[in-house]
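> got a structure for you, letters missing:
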Ligand SMILES: Nc1ncnc2c1ncn2[C@@H]1O[C@H](COP(=O)(O)OP(=O)(O)O)[C@@H](O)[C@H]1O
Ligand code: SF4
Ligand SMILES: [Mg+2]
């Protein structure tokens, strides 16, 4: 035994099992964040596109909530995806499947429990407060409830001026000009809107103001969390059109979270379907709608109303309630509600694999042509 071996044994004895487990956990976390070569990444995450201009790469993201009495809610489990500059990735799934938690975890609100979030080639999960703060202008979020996301005490001009002042984006004249530009871009008349407060506006107008605020700091990526779910159907299309216009005008990259597949179809370039914290299927909207491969996606697609009185409702509507994310089923998490579940589905977790170009499904028995 060398002197070094002796030292290592002494340190290990000092640390005890608990300490050893912490060291193991730390090493595993560092491994999860290690930069991968394009070949390695393609092999480990076949649905990633390492040879593209990506703004975001998320690997094995986990978010768990300790809810007391030893119960842990597994809200997001090993979710991996990437986001190519200029695209709109829709994240869809039933309420409670982890969409909002995923969006917030990308922004480190709060830091996820595990995994890697690489934004503009920087690892966000390893950053301290100061470094993260410097990244904030580039990544913004728009929320579901536009009225409560705006401070009712402030006039609209102040709502928009606040981030510009905090980030030293010009003198008062420049800030005023920027506010007018943002309001104009959001199809609001600055002369009418500037001095009024959020409670004087409709939900649609408040969402326009929220969008203008999200754009104030020239972000690269915006995460839109159910941005039209709280709005009247008649207003939804206007806000979706506005988001599309803004995206083109300011060269944005979007993550668009929604429980509503009908909304997603109109806006997305890629769709990621989630169920109980896991990714089921990823593909273009056309592939997801017309060449559906996962049984859960089929149930979601089947529940989208079609404005045709002669067309019957699909018989594939999803049955029952989702299981608790504190105690998810083994194997495929959808198996307790899936009409095609087999023994294999209970034993083995299905991994994402390519079924046609750019279309990936995590299912042992995907839907045949
Ligand atoms: N802060 C929290 N503490 C405990 N559980 C939470 C917390 N936030 C979310 N959850 C749980 O995590 C799961 C995913 O929630 P969420 O991300 O809000 O779903 P979605 O946005 O898809 O409706 C749900 O079961 C929810 O109850
Ligand atoms: S893996 Fe099995 S349980 Fe899961 S969706 Fe496919 S067939 Fe259904
Ligand atoms: Mg949500």
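That came in fine, so what should we check first? Everything quoted here is computed from the prediction, not taken from an experiment. Numbering: from 1, shown residues only. Ligands and ions are numbered 1, 2, ... in the order given.

> Now name the helix or strand holding the most centrally placed residue in the chain.
Centroid check for the chain by C-alpha atoms, centre = their mean gives residue 103 as the closest residue, at 3.6 Å. For residue 103, the host element (DSSP states H and E) is helix 99-106.

> ok, now residue 257?
strand 253-258.

> in the helix or strand following that strand, what's buried?
Remark: after strand 253-258, the chain's next helix or strand is helix 261-267, criterion DSSP H and E. Judged by neighbour count (16 or more other C-beta atoms under 10 Å), helix 261-267 contains these buried residues: 261, 263-265, 267. For glycine as for every other residue, the C-beta is placed from the backbone atoms N, C-alpha and C.

> Stretch 257-264 near ligand 1 anywhere?
No: figure legend: stretch 257-264 not in contact with ligand 1 (C-beta under 6 Å from any ligand atom); closest approach 6.9 Å.

> picking up where we left off before, which residues sit against the helix holding residue 103?
Contact with helix 99-106 is made by 56, 58, 61, 63, 75-76, 79, 91-93, 110-112, 117, 119, 124, 139, 141, 223, 225-226, 255, 257-259, 274, as judged by C-beta atoms under 8 Å, 6 or more residues apart in numbering.

> Just the buried ones among those residues, please.
For the contacts of helix 99-106, buried by 16+ other C-beta under 10 Å: 56, 58, 61, 63, 75-76, 79, 91-93, 112, 117, 119, 124, 139, 141, 223, 225-226, 255, 257-259, 274.

> Toward the C-terminus from the one helix or strand residue 30 maps to, list the very next helix or strand.
For residue 30, the host element (DSSP H and E) is helix 3-33. Later in the chain than helix 3-33, the nearest helix or strand by DSSP H and E is helix 38-44.

> helices and strands around the helix or strand following that next one, which ones?
Counting by DSSP H and E, the next helix or strand C-terminal to helix 38-44 is strand 54-66. Judged by 3 or more C-beta pairs under 8 Å, 6 or more residues apart in numbering; DSSP states H and E, strand 54-66 is in contact with helix 3-33, strand 72-84, helix 99-106, strand 114-119.

> moving C-terminal of the second one, what's the next helix or strand?
Once strand 72-84 ends, the next helix or strand along the chain (criterion: DSSP H and E) is strand 88-92.

> which helices and strands does that following strand pack with?
Using 3+ C-beta pairs under 8 Å, 6+ apart: strand 88-92 touches helix 99-106, strand 253-258, helix 261-267, strand 270-275.

> Now do the longest one against strand 114-119: the angle between them, please.
Meaning helix 99-106. Interaxial angle, helix 99-106 versus strand 114-119 (axes from the mean of the first three to the mean of the last three C-alpha atoms, to 10 degrees): 70 degrees.

> How about the last one?
Relative orientation of strand 270-275 versus strand 114-119 (the same axes, to 10 degrees): 160 degrees.

> Figure out how far strand 270-275 is from the centre of its chain.
10 Å (C-alpha atoms, centre = their mean, to the nearest Å).

> what's it in contact with?
79, 81, 87-94, 97-99, 102, 264, 279-285, 288, 294, 296-297, 300, 322, 333-334.

> Over to the second one?
Contacts to strand 253-258, defined as C-beta under 8 Å, 6+ apart, come from residues 55-56, 83-92, 99-100, 102-103, 106, 220-229, 243, 247, 264, 267-268.

> Okay, now the sheet partners of it, with direction.
Using DSSP bridges, strand 253-258 pairs in its sheet with strand 88-92 (parallel), strand 221-225 (parallel).

> tell me the angle of the following helix or strand past the last one relative to strand 253-258?
Going back to what we said before, that points to strand 221-225. Following strand 221-225 in sequence order, the next helix or strand is helix 233-250 (DSSP H and E). Counting by the same axes, to 10 degrees, helix 233-250 points 160 degrees away from the direction of strand 253-258.

> If you count neighbours, what's buried in helix 233-250?
Those would be 235-236, 238-240, 242-243, 246-247, for helix 233-250 by 16+ other C-beta under 10 Å.
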